[in-house]
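J.: Sequence first, predicted model second:
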Amino acid sequence: TVSVTIAPAAIGFAAVAKNKNDVVTVPAGYTVTIGGRTGDPIAAGVAAYANNGTDTNFAQRVGDQHDGLNYFGLSATGTRDDASSTRGLIVQNYENILTQYLHVGGSTSPGGVRPESEAIKEIEAHGVGVLEYVEGAGRSWAYVPASSFNRRITPNTPMTFSGPVRGTDYLVTPYSTDGTAGRGTINNCANGSTAWATYLTCEENWAGYFRRSGDNANRTAKEITALARAGVSSSTGSYGWSTVVAADSGNTLFRRWDARATTGGTATTDWRNEPNQFGWVVEIDPYVPTSTPRKRTALGRFNHEGCWPGNMVAGRKPAWYMGDDAQNEYLYKFVSATPWTANDAAATDRLAMGDKYLDTGILYVAVFNANGTGEWRPLVFGTGPLTASNATYPFASQADVLVNTRLAADALGATPMDRPEWTAVNPATGELYLTLTNNSSRTPARVDATNPRAYLDPPSTSRSNRNGHILRLREAGDTTEALTFAWDIYAFGAGSDLDPTNINLSGLTADNDFSSPDGLRFGRASNVSGQNKPFVWLQTDDGAFTDVTNNQMLLGLPGSVNDGGTRTVSNADGAGGTVTAVTRIGAAPGGNLRRFLIGPVDCEITGVDSTPDGRTLFVGVQHPGEGGTPTAPTSNWPATQASGTAPAGTRPRSALVVITKNDGGVVGL
Ligand code: FEO
Ligand code: CA
Ligand code: CA
Ligand code: CA
């Protein structure tokens, strides 16, 4: 590895101008290389991707809609080497699919009977991938198409359950009659990692994949409440996969996506509990392709968006911070019951370390006070309102509390947030950062200090927090074990031209205005050569600003909680009345935040990591061209990257991009 000096940390590039070009734009002095794209082969003998809808066998190809990712170093001899910056495994989520580009003529409707071949392809294009990447001559990076480390984890991959819900009735299905096993993971959005070098993938919008409506007569009242709270309500499932087989079929690959508990169901057709098998954090050992992923039920079940560890301190109980991405949902942290032993970082049975630290502990939900303080309330069965005598939601066990995490958090009075997306931790201070991407339901009646904006932003005619913000939290005593904290708001998204009193509260300029913050991660090179100068990557998933610019990634040099002041937000825009809120706002990011990258048309920028030396950055480009059709795609990327153009009609593909600085330095500094 190469030692790089950062003295002092400073933003080392000129801001990229907002644009709607169909390429990835980075600052002068940087180079973009395209890595694994949707459909690229990851095993020997798999045909090159034709990209015309005829391709099959996604279980041996890169999946679709690249999302959260993590780099795990490999030595020259192919063993785990956390310090390696020249060879590694990149584990990445494939969150969803663009069906219009997966099939020859687009996609059949989820309301009809789906062709088996289409359903197989769609299912296998979801999940997670492990790909080996190596640095070649001239600092060019590429994945190794036939590496023995390469692996696809799909919604069909066998998994086991760990923690308090393992072996309970909630998880019993025709596939697992004792509730200890299941198959696959789906809608994997953000991610996390562990100090023992495993990957944590998070199941976000899993609810929509199930067919469910119309079975209330065969459900308990608690089940109906829980399914409604989770949003398991589709009459077809997002892609209609269950329609491939008949309702009385004993098939377990397609029938499982129909979760209706119908009268007369048999043991082989009653998949009523299959939705309970999703909504978890899943631990994967990237170094052992044959390892079975473990679903860690102690971390709760909701729309998991990221699972980021607090700083690991020997002798202290470690914590992982997690958002629940839906409007007016909550922020959680899991605190292990087991104090950290530093030697465990080098353990060779990595999933056993997950058993040690992630299966026993306490899940907490955040309550924010208007005065800049807050508390973590425990989701522990038998305490507070989490008992059988709760009149609204009676709880029967800790497994019940965890399967129905949102109901338990409701009972505890958690603070509803503007869609909690990624969590990130400042390696120098341990402070937690949380993106709150936007909220069209943040009505004036629901404004609070932590979620203070409900403004009109024409042409929208309803009040909302259209542009989102980033909250920051400092634990009492700077320990992951804390039960209380201080908070403020690091940055408010806004167009630089918007009302500085009520909307552009962070004073954003043309060099750093953004909307809908989502991906968030501190750079690994924050502490190269002991400089201890943290910097944070911020990615957007925006619909409010895309008339001006494609989605983007910025770099920020953060301060610390309460480095700004208290401020009253009036939301007085002269068009629809006034609401007020008091918030604690950090020092305006102003010159400490700068736009580094713009993605291609119709994409989201999501997922970021670097090599340990910070000299190579990996970024996910998700669903370019998502608004297009097979005959009229709105993007042709990444075929456009080299020259800016591609043959008309070229289908777009999600991809990983590799970014290096031409002078060999740390990317961004
Ligand atoms: Fe998959 Fe919350 O974004
Ligand atoms: Ca996201
Ligand atoms: Ca998002
Ligand atoms: Ca997206």
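T.: Yes, it's here. Ligands and ions are numbered 1, 2, ... in the order given.
J.: In this structure, what residue comes closest to ligand 3?
T.: Using C-beta to the ion, the single residue of the chain nearest to ligand 3 is Asp541, 3.5 Å away. In this view, the C-beta of every residue, glycine as well, is placed from N, C-alpha and C.
J.: Show the contacting residues for that residue.
T.: With contacts defined as C-beta atoms under 8 Å, 6 or more residues apart in numbering, Asp541 is in contact with Glu421, Thr437, Ser516, Asp518, Gly519, Asn551, Glu604, Ile605, Thr606.
J.: how close does it sit to ligand 2?
T.: 6 Å (C-beta to the ion, to the nearest Å).
J.: nearest residue to the residue in the stretch 151-300 of the chain positioned nearest to ligand 2 other than its sequence neighbours?
T.: Relative to ligand 2, the nearest point of the stretch 151-300 of the chain is Cys189 (4.9 Å; C-beta to the ion). Sequence neighbours aside, Glu204 is the residue nearest to Cys189 in space, at 3.8 Å (criterion: C-beta to C-beta, 6 or more residues apart in numbering).
J.: and that neighbour, how many neighbours?
T.: Residues lying near Glu204 (other C-beta atoms under 10 Å) number 28.
J.: Would you confirm that Ala476 contacts Val561?
T.: No: Ala476 sits out of contact with Val561 when judged by C-beta atoms under 8 Å, with a separation of 11.4 Å.
J.: who touches both of those two?
T.: Common neighbours of Ala476 and Val561 (C-beta under 8 Å, 6+ apart) are Ala486.
J.: Of those two, give the one with the bigger neighbour count.
T.: The neighbour count for Ala476 versus Val561, taken as other C-beta under 10 Å, is higher for Val561 (24 against 15).
J.: Pretty sure that one sits in a helix.
T.: No: judged by DSSP: H, G, I helix; E, B strand; the rest coil, Val561 forms no part of a helix; its state is coil.
J.: Tell me the secondary structure at the residue nearest to Asn216 when sequence neighbours are not counted.
T.: Closest residue to Asn216 apart from its sequence neighbours, by C-beta to C-beta, 6+ apart: Ile224 at 5.5 Å. The assignment at Ile224 comes out as helix when based on three-state DSSP.
J.: what stretches of the stretch 551-669 of the chain score poorly on pLDDT?
T.: 573-576 (pLDDT under 70).
J.: Could you report the pLDDT at the residue of the chain closest to ligand 3?
T.: With respect to pLDDT, Asp541 has a value of 97.
J.: likewise Asn343?
T.: Model confidence at Asn343 (pLDDT) stands at 98.
J.: got it, and Ala9?
T.: Looking at Ala9, its pLDDT stands at 62.
J.: again with Tyr287
T.: On pLDDT, Tyr287 comes in at 98.
J.: can you give me phi and psi for the residue lying closest to it once chain neighbours are set aside?
T.: Once flanking residues are discounted, Tyr287 sits nearest to Arg80: 5.4 Å by C-beta to C-beta, 6+ apart. Note on Arg80: backbone dihedrals following degrees, to the nearest 10 are phi -60, psi 130.
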